[in-house]
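Engineer: Turn this into a structure:
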Amino acid sequence: MRRKTKLIHGGNPFDPHTGAVSIPIYQVSTYKQDDIGVHKGYEYSRTGNPTRHALERYVAELEEGVRGFAFSSGMAAIHAVFSLLSSGDHIILTDDVYGGTYRIVTRVLSRLGIEVTFIDTTKQEELDKALRPNTKALFVETPTNPLLKVTDIAKISEWAKHRKLLFIVDNTFSTPYWQNPIALGADIVLHSATKYIGGHSDVVAGLAVVNSEKLGEELHFVQNATGAVLGPQDSWLLMRGLKTLGLRMEAHEENARAIASYLSGSDAVLCIHYPGLPSHPQHELAKQQARGFGGIISFDVGSADNASRVIKLLKYFTLAESLGAVESLISVPAQMTHASIPSERRAQLGITDGLIRISVGIEDYADLIEDLEQGLRA
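Structural biologist: Have a look, this model is predicted:
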């Protein structure tokens, strides 16, 4: 089954009980039992809900995994996966990660005795330096947020497996339409499904997919014990969003390529980060391990004042904290999505005050380029 067909017919394409071609929203908290402990597969909706299960089977198939899980947010999914670890364990993480991921490992997991080291996972030698006797997991975001660095998933998977590490990949920017980390050797794939998978700025959700039944049982225990499950209404919205994921991702990328090309020639732009550009340091790797480059671009206009002036003049880019929607969104990571990272750390990573991140929507790219052009003239 090809990718666009799988998006339509994957998982449960219809309700097995009624034949409905749209899985119903089972708005229910508990279920009648025929006898004590005898039920039809569901007993309480924190443990399992038919609408959520349909989504979980669907995303597991799309990500070529064994079992999927739907959470109340992307951060809830990340927290559940990190909860597979124990006090005293050590994690290696990509240095250029989403600010919320940085915050949870430095200010929440640290209280529980879990240690962390941030490195540039695009450099093999950094992995060897960061390894400790108590290292248990490796967490990679690729492409990264917001600098769009690309890590070699297959290569790093071999490194992690040789050392018996749990290998976790945040696949939010690429989505299962463009990239399948489990097929490249990852143990767990994570998504902020609020972004491209939902795609319409109307749901907050997180997804995780695992590559084994053992990991599935362990993660289900954590999910059921902690309770951050996705509700049936939001589960239905994600299934609806996934049906058009392929069409949207292709439109996002077509627009992003055109805008990246335009920005590359602008005198107002000091540097640009987009894996689809031949000038990107991991351009060839991105071509090899993914089927597309995505719709996120970041570029530097020199200062916070310049960034502010540009944004205030734009008409078609909405200033907002999210990404991956049908409408184009714009943000200044240093003041928004990555504000929780200390300023000195941001400076080390290259997340400057003048860095702008755009999530390219599916509008006509000519309108978007004209909008950016009049903004950059400032």
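Engineer: only C-alpha atoms for contact and neighbour calcs from this point on.
Structural biologist: Fine.
Engineer: send the alpha carbons of the longest helix seen in the chain over as PDB?
Structural biologist: Using DSSP state H to define each element, the chain has its longest helix at helix 245-264. Below are the C-alpha coordinates for helix 245-264, written out as PDB (Å, rounded to 0.1, in the frame of the first residue of the first chain):
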ATOM      1  CA  LEU A 245      -1.600  14.600   5.700                       C
ATOM      2  CA  GLY A 246       0.000  13.600   2.400                       C
ATOM      3  CA  LEU A 247      -1.700  16.400   0.400                       C
ATOM      4  CA  ARG A 248      -0.900  19.000   3.000                       C
ATOM      5  CA  MET A 249       2.800  17.900   3.500                       C
ATOM      6  CA  GLU A 250       3.300  18.100  -0.300                       C
ATOM      7  CA  ALA A 251       1.800  21.600  -0.400                       C
ATOM      8  CA  HIS A 252       3.800  22.800   2.700                       C
ATOM      9  CA  GLU A 253       7.000  21.600   1.000                       C
ATOM     10  CA  GLU A 254       6.300  23.100  -2.400                       C
ATOM     11  CA  ASN A 255       5.700  26.500  -0.700                       C
ATOM     12  CA  ALA A 256       8.700  26.100   1.600                       C
ATOM     13  CA  ARG A 257      11.000  25.400  -1.300                       C
ATOM     14  CA  ALA A 258       9.900  28.500  -3.100                       C
ATOM     15  CA  ILE A 259      10.200  30.700   0.000                       C
ATOM     16  CA  ALA A 260      13.600  29.300   1.000                       C
ATOM     17  CA  SER A 261      14.900  30.100  -2.500                       C
ATOM     18  CA  TYR A 262      13.600  33.600  -2.200                       C
ATOM     19  CA  LEU A 263      15.100  34.200   1.300                       C
ATOM     20  CA  SER A 264      18.400  32.800   0.200                       C
END
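Engineer: Whichever strand or helix holds Y177 - contacts with which helices or strands?
Structural biologist: Assigned by DSSP states H and E, Y177 falls within helix 175-178. In terms of contact count using 3 or more Cα pairs under 8 Å, 6 or more residues apart in numbering; DSSP states H and E, helix 175-178 is assigned the packing partners helix 245-264.
Engineer: in the helix it packs on, what counts as buried?
Structural biologist: Of the residues in helix 245-264, 245-246, 248-257, 259-260, 263-264 count as buried by neighbour count, 16 or more other Cα atoms under 10 Å.
Engineer: Not counting that helix itself, show me its contacts.
Structural biologist: Contact partners of helix 245-264, identified using Cα atoms under 8 Å, 6 or more residues apart in numbering, comprise 3-4, 7, 177, 196-197, 199, 269, 271-272, 274, 276-277, 292-297, 326, 360-362, 364-365, 368-369.
Engineer: Which of those residues are buried, as a PyMOL select command?
Structural biologist: Here is the PyMOL command that selects the buried residues among those (16+ other Cα under 10 Å):
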select buried, resi 4+7+177+196+197+199+269+272+274+276+277+292+293+294+295+296+297+326+360+361+362+365+368+369
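Engineer: out of the contacts of helix 245-264, which are inside helices?
Structural biologist: With helices defined by DSSP H, the entries of the contacts of helix 245-264 inside them are 3-4, 7, 177, 365, 368-369.
Engineer: for K136, helix, strand, or coil?
Structural biologist: Assigned by DSSP: H, G, I helix; E, B strand; the rest coil, the conformation of K136 is strand.
Engineer: show me what contacts the nearest residue to it once chain neighbours are set aside?
Structural biologist: In space, and not counting its chain neighbours, K136 is closest to L165: 5.0 Å by Cα to Cα, 6 or more residues apart in numbering. Residues near L165 by Cα under 8 Å, 6+ apart: 135-138.
Engineer: same thing but 10 Å
Structural biologist: Taking Cα atoms under 10 Å, 6 or more residues apart in numbering, we find L165 in contact with 91-92, 135-139, 157, 159, 187.
Engineer: May I ask which two of the residues you listed are separated the most?
Structural biologist: Greatest spatial distance in these: T135 and D187, 15.7 Å, computed using Cα to Cα.
Engineer: Which parts of this structure are helices?
Structural biologist: With helices called from DSSP H, the chain shows them at 3-9, 50-62, 74-82, 99-107, 124-130, 153-162, 175-178, 213-226, 232-243, 245-264, 283-289, 304-313, 343-349, 365-376.
Engineer: Least confident of those helices, on average?
Structural biologist: The minimum mean pLDDT among the helices of the chain belongs to helix 343-349 (a mean of 86).
Engineer: Just the residues contacting it, thanks.
Structural biologist: Helix 343-349 has contacts (Cα under 10 Å, 6+ apart) with 95-96, 120, 147, 333-335, 338-341, 350-353.
Engineer: what about S235, how many neighbours?
Structural biologist: 29 (other Cα atoms under 10 Å).
Engineer: meant to ask about F221
Structural biologist: Around F221 there are 15 other residues, counting by other Cα under 10 Å.
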